[in-house]
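Student: below are the sequence and a predicted model for it; my questions follow.
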Amino acid sequence: MAGDNKLMNPRSTMKIYPRPDTYYRHKHSLDFDMMRTKVMIERKGSSIEGVTLWVAHAVVGILMGVLAFLLSLAEDELTKWRCEFV
């Protein structure tokens, strides 16, 4: 059965299990992590690219910290307001 490539009609054979055809074995998935491909691993990166990446991470971290601080202040003020007026 190794060289047997039987085809089956997918509309009329939905209830047949296991599948009698073997054509699906010729199909392969291209599911891979883009950063682990040979092109990305062997590419030449400049030093400015590394610095830019670190600066971008720092900016995002600082923005997240400021946002968390402001949300904490807003929560405290809303809690005080609720205790006074409600």
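Tutor: Structure received. Residues are numbered from 1 along each chain as shown.

Student: which stretches of the protein form helices?
Tutor: 38-41, 47-85 (DSSP state H).

Student: among the ones you listed, which is nearest Tyr17?
Tutor: Between Tyr17 and the helices of the chain, the shortest separation by Cβ to Cβ is 39.0 Å, and it involves helix 38-41. C-beta coordinates here come from the backbone N, C-alpha and C atoms, glycine included.

Student: okay if I get the helices of the chain as JSON lines plus mean neighbour count, distance to Tyr17 and mean pLDDT?
Tutor: Output for the helices of the chain, formatted as JSON lines (neighbours: other Cβ atoms under 10 Å; distance: least, Cβ to Cβ, whole Å; pLDDT from 0 to 100):
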{"stretch": "helix 38-41", "mean neighbour count": "8", "distance to Tyr17": "39", "mean pLDDT": "74"}
{"stretch": "helix 47-85", "mean neighbour count": "10", "distance to Tyr17": "50", "mean pLDDT": "95"}
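
Student: do you know the pLDDT at the most centrally placed residue in the chain?
Tutor: The centre of the chain sits closest to Asp33, judged by Cα atoms, centre = their mean, with a distance of 9.7 Å. On pLDDT, Asp33 comes in at 73.

Student: rewinding a little: distance to Arg25 for the helices of the chain - can I get that in TSV?
Tutor: Below are the helices of the chain laid out as TSV (distance: least, Cβ to Cβ, whole Å):
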stretch	distance to Arg25
helix 38-41	26
helix 47-85	42
